[in-house]
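Trainee: Have a look; sequence and predicted model below, questions after that.
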Amino acid sequence: MISFLVLLPVAAGLAALAAGSRLRRDALSLVAAALHLLGVVRCWVHPPSGELGGMLGLDAPGLLFLTIASVLFLLTAVYGGGYFARADPRALRIYAACSLFFLASMTLVCSSRHLGLLWVGIEATTLATAPLVYFHRSDPRVLEATWKYLVLCSVGIAVALLGTFFVAIAAAYGPPEPTPLLLESLLARGPTLSAPWIKGGFLLLLVGYGTKMGLAPLHTWLPDAHSEAPAPVSALLSGALLNCAFLGVLRGAQVCAAAGAGGFARELLVLLGLVSVGIGAACIVGQNDLKRMLAYSSVEHMGILALGVGLGGGAAYGAMLHGLNHSLAKGLLFFAAGNVVLSYRTRSIDAVRGVLRRLPASGVLLLAGFLAITGLPPFGVFLSELTILNAAFAQGRGVVALLLLAFLSIVFIGMAKGILGLVQGAPPEGTPRERESPVAVGPPALLATAALALGVFVPGFLDRLLEQAARIAGG
Amino acid sequence: MRSLLDALLVLAVLFDFLLLGIGDLGASIRISAMQAATLAALPLLAREDGSLGHPILLFLGVLAVKVVLIPRLLFRAIRDASIRREMEPLIGYGLSLVLGGGLVLVSFALAARLPFPGPPPSDLLVPAAFSTVLIGLLLLVGRAKALAQVIGWLVVENGIFLFGLAFVHRTPMLVEMGILLDVFAAVFVMGIMLHHIHREFDRLDTRNLTALRDR
């Protein structure tokens, strides 16, 4: 089943390269996305067994992030049909193929139980997404953003490979195994792993995958790539790919905890998490580029994920729930922002006014996304942030909790100023109210509903999975 | 066998210094390829058990990707984009060499603090690997040209490969080939981007001239 989920998008991507017409490529993407999601749903019902000698398998965090990626991909495939209506056909062929390869590589990341294979998957996501970021080729800024993304993430991921080898060397103390670097055997070996090599390895994995995840101060490529990419790509990068990179960090932390150095790993995660939330907040205030504001908000929320897992216990549950909530809200925001940018032809917040009058549906969605992402009740983010704050206070980490609370308030004020100004007011003269297509507002509306529903009620099956994921992530 | 291994490791670090001091892009590509070839031979010498099949396959894979394909891609990028062949360093050559020497000292200090489990294939392995990774990073930040940055990244990869060498006989083939494939694909994508970067700059003048027309 898992190999099918990895190979299906690869096959569809190759077919999309060969497909003659745009209609066929769109149909291929949609069918592959729907089949992929069906397969993922099947994994919920019948947990799949390990494949490739245990190198592939789905545990709770893997299944959670795979589901997020699959759902967002399907919605992006629907949304992209309308968004790219007037795009260059040649660029669209590469877009269709690379986005499917991207789905395959994310599936590989979520389902690898082998640290080497995990690395191969994460590097593959960078390579599959670089052409997606480089979609609007006529703009030199896009070229710069893509180059930065490619080089910084490749270097980061090279560092992660070094970390992976460190872990392998740490495991070389014990009796030789048929396949080193299998997560299961590393966790089982636990305390027999060499502590200095494991600590060094975790540090390198954190720096490496943390670059890809956008943890400050390694995030410098993220606002450029996420803002210069077309909106559907931004939604996938922020909503799905960042989680996958986080999974890489999580695997490192798991091994570290098994080796008895969990405290070391968790303190580092708390520190980097707080720095990321702080830097994200500082850059959101006064930000005049709508998509850059959303990108910095991703830096902030990845910080919250790292912080939650670092605190552990109840906060780890909060972090897992937060990963899900952030993906829903960020997908919603990038889709809605994409509609606004397409209509106004600018990303500058000062230049956009009166979205509610010109694009009523997108305006309402943008507003809902803003309320959801800044953690206002009754949206899901409120619940997950509250869980993390509660756990922090309960653990006696009052300073951490207060700092987080302060940064979150700054983010709220910064985003409120930008987004409220942009939706209200009068649109530029001579621009009538536009008709919005169901394809453009349907996917974000679905995400908004889900983000709202999760704040009110977490269904039993999801709660159980989140519990399991939290136990794996933070004890 | 052991002295040959040591000699190759020293050679790999010497290539690092050549890269730090050299100003010609074409020569840098050749040196990084020669370094990769040196490293590719190491698994043949460092194996613990008798089996040769796996190291030979890996040797051929590294040779094909890092010594043949990647340099060809990079040379094509130079030719297509007619890049001037100087390096344009941000950190001067002399200073680069001094810093490189410092990084080698740091590497020995780091290696001393990380005891290798069991007898290492060679005492020089870990310091040589650290030196190559760190000098690769120095090349990456110290050179302005996009192509030079790609070379720096390849040197970092070479250094990491040295670490992989320590347990190469036990890694699954699939993972090794996946790593090689990723490295190749990365250089391929970077090569395309290089091409576009240079095309963009050639076109820069005319773009400035047409920008006024639409308004």
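Mentor: Here it is on my side, so go on. Only a predicted model underlies this, so the values are computations on that prediction, with no experimental measurement involved.

Trainee: Report the central residue of chain B.
Mentor: B:V155 (2.0 Å; CA atoms, centre = their mean).

Trainee: On the three-state scheme, that one is what?
Mentor: What DSSP: H, G, I helix; E, B strand; the rest coil gives for B:V155 is helix.

Trainee: Nearest residue to it in space, please, no chain neighbours.
Mentor: B:G136 (3.4 Å; CB to CB, 6 or more residues apart in numbering or on different chains). C-beta coordinates here come from the backbone N, C-alpha and C atoms, glycine included.

Trainee: Look at the one you found and say how many residues are nearby.
Mentor: B:G136 has 26 neighbouring residues, counting by other CB atoms under 10 Å in any protein chain shown.

Trainee: does it belong to a helix or a strand, and which?
Mentor: helix B:125-142 (DSSP states H and E).

Trainee: now do A:W197
Mentor: Short version: A:W197 belongs to helix A:195-213, going by DSSP H and E.

Trainee: Contacts for the very next helix or strand once past that helix next, please.
Mentor: Using DSSP H and E, the helix or strand that follows helix A:195-213 in sequence is helix A:222-228. For helix A:222-228, contacts defined as CB atoms under 8 Å, 6 or more residues apart in numbering or on different chains pick out A:133, A:136, A:139, A:141-142, A:144-146, A:148-149, A:214, A:234, A:237-238, A:283, A:289, A:291-292, A:294-296, A:298-299, A:347.

Trainee: And the pLDDT for the residue nearest to B:V155?
Mentor: For B:G136, the pLDDT comes out at 93.

Trainee: got a list of what the residue nearest to the centre of chain B touches?
Mentor: B:16, B:19, B:32, B:35, B:132, B:135-136, B:139.

Trainee: Which positions in stretch B:101-121 come out as buried?
Mentor: With burial defined by 16 or more other CB atoms under 10 Å in any protein chain shown, the residues of stretch B:101-121 counted as buried are B:103-104, B:107, B:110-111, B:114, B:116-117, B:121.

Trainee: on that earlier part again, any idea how far the residue nearest to the centre of chain B is from A:G338?
Mentor: Look at B:V155 and A:G338: by CB to CB, to the nearest Å, they are 40 Å apart.

Trainee: same check, this time on A:I388
Mentor: 29 Å.

Trainee: Same question for A:L402.
Mentor: Taken as CB to CB, the span from A:L402 to A:G338 is 36 Å.

Trainee: Now, of the contacts of helix A:222-228, which are buried?
Mentor: A:133, A:136, A:142, A:145-146, A:148-149, A:214, A:234, A:237-238, A:283, A:289, A:291-292, A:294-296, A:298-299, A:347.

Trainee: Counting only helices, which of the residues you listed make the cut?
Mentor: A:133, A:142, A:145-146, A:148-149, A:234, A:283, A:291-292, A:294-296, A:298-299 (DSSP state H).

Trainee: Kindly indicate which of those residues lies nearest chain B.
Mentor: Distances from chain B to these, taken as CB to the nearest CB, are shortest for A:T146 (6.3 Å).

Trainee: one step back: mind listing what's buried along the helix holding A:W197?
Mentor: Buried residues in helix A:195-213, defined by neighbour count with 16+ other CB under 10 Å: A:197-213.

Trainee: can you check stretch A:437-445 too?
Mentor: Result for stretch A:437-445 [16+ other CB under 10 Å]: buried residues A:440-445.

Trainee: all strands for chain B, in order.
Mentor: Taking DSSP state E, chain B contains no strands at all.

Trainee: Quick check: which ranges of it have low pLDDT?
Mentor: B:1, B:46-52, B:81-87, B:118, B:166-174, B:177, B:198-215 (pLDDT under 70).

Trainee: To what extent is the residue nearest to A:H114 when sequence neighbours are not counted buried, counted in neighbours?
Mentor: Excluding its sequence neighbours, the residue lying closest to A:H114 (CB to CB, 6+ apart) is A:M55, at 4.2 Å. Around A:M55 there are 22 other residues, counting by other CB under 10 Å.

Trainee: repeat for A:L92
Mentor: Applying other CB under 10 Å, we find 17 residues neighbouring A:L92.

Trainee: I am assuming it contacts A:F84, so please confirm or correct that.
Mentor: Yes: at 5.9 Å, A:L92 counts as touching A:F84 under the criterion of CB atoms under 8 Å.

Trainee: backbone phi and psi for the nearest residue to A:T211 once chain neighbours are set aside, please?
Mentor: Excluding its sequence neighbours, the residue lying closest to A:T211 (CB to CB, 6+ apart) is A:G156, at 2.9 Å. In this entry, A:G156 is assigned phi and psi values of phi -60, psi -50 (degrees, to the nearest 10).

Trainee: Could you check how far B:L58 is from chain A?
Mentor: Using CB to the nearest CB, to the nearest Å, B:L58 is found at 14 Å from chain A.

Trainee: Without its sequence neighbours, what residue ends up closest to that residue?
Mentor: B:L58 sits nearest to B:P43 (CB to CB, 6+ apart), 5.5 Å away.

Trainee: List, one by one, the residues from the stretch 1-150 of chain A near chain B.
Mentor: The stretch 1-150 of chain A comes close to chain B at residues A:52-53, A:55, A:114, A:116-117, A:119-120, A:123-124, A:126-127, A:130-131, A:134, A:137, A:140, A:143, A:146-147, A:150, as judged by CB under 8 Å from any CB of the partner chain.

Trainee: Those in helices, which ones?
Mentor: Among those, the residues falling in helices (DSSP H) are A:116-117, A:119-120, A:123-124, A:126-127, A:130-131, A:140, A:143, A:146-147, A:150.

Trainee: residues near residue 7, how many?
Mentor: You didn't say which chain, so I picked chain A. Residues within reach of A:L7, counting by other CB under 10 Å, total 12.

Trainee: Correction: the question concerned chain B.
Mentor: Using other CB under 10 Å, B:A7 has 13 neighbouring residues.

Trainee: likewise the one 10 residues further on?
Mentor: Number of residues near B:F17 (other CB under 10 Å) recorded here: 17.

Trainee: From B:S96, how far off is it?
Mentor: Taken as CB to CB, the span from B:F17 to B:S96 is 9 Å.

Trainee: Test my guess that B:A148 contacts B:S28.
Mentor: Yes: using CB under 8 Å, B:A148 is in contact with B:S28, at 7.0 Å.

Trainee: Can you name the residues that contact residue 33?
Mentor: Defaulting to chain A. A:70, A:73-74, A:77, A:103.

Trainee: that answer is for a different chain, and I need it for chain B
Mentor: Residues in contact with B:A33 (CB under 8 Å, 6+ apart) are B:66-67, B:70-71.

Trainee: at 6 Å what do you get?
Mentor: B:67, B:71 (CB atoms under 6 Å, 6 or more residues apart in numbering or on different chains).

Trainee: again, but for B:P115
Mentor: Residues counted as contacts of B:P115 (CB under 6 Å, 6+ apart): none.

Trainee: Look up how far A:A440 lies from it.
Mentor: 60 Å.

Trainee: Now do the helices in chain B.
Mentor: Using DSSP H, helices in chain B cover B:2-21, B:25-46, B:53-62, B:70-81, B:93-113, B:125-142, B:146-165, B:173-210.

Trainee: right, and those - which one's nearest A:G260?
Mentor: The closest of the helices of chain B to A:G260 is helix B:93-113. By CB to CB, the value is 19.1 Å.

Trainee: What is that closest one packed up against?
Mentor: Contacts defined by 3 or more CB pairs under 6 Å, 6 or more residues apart in numbering or on different chains; DSSP states H and E place helix B:93-113 against helix B:2-21, helix B:125-142.

Trainee: among the ones you listed, which is the most enclosed?
Mentor: Highest mean neighbour count among the helices and strands packed on helix B:93-113 (mean count of other CB atoms under 10 Å in any protein chain shown): helix B:125-142, with a mean of 24.
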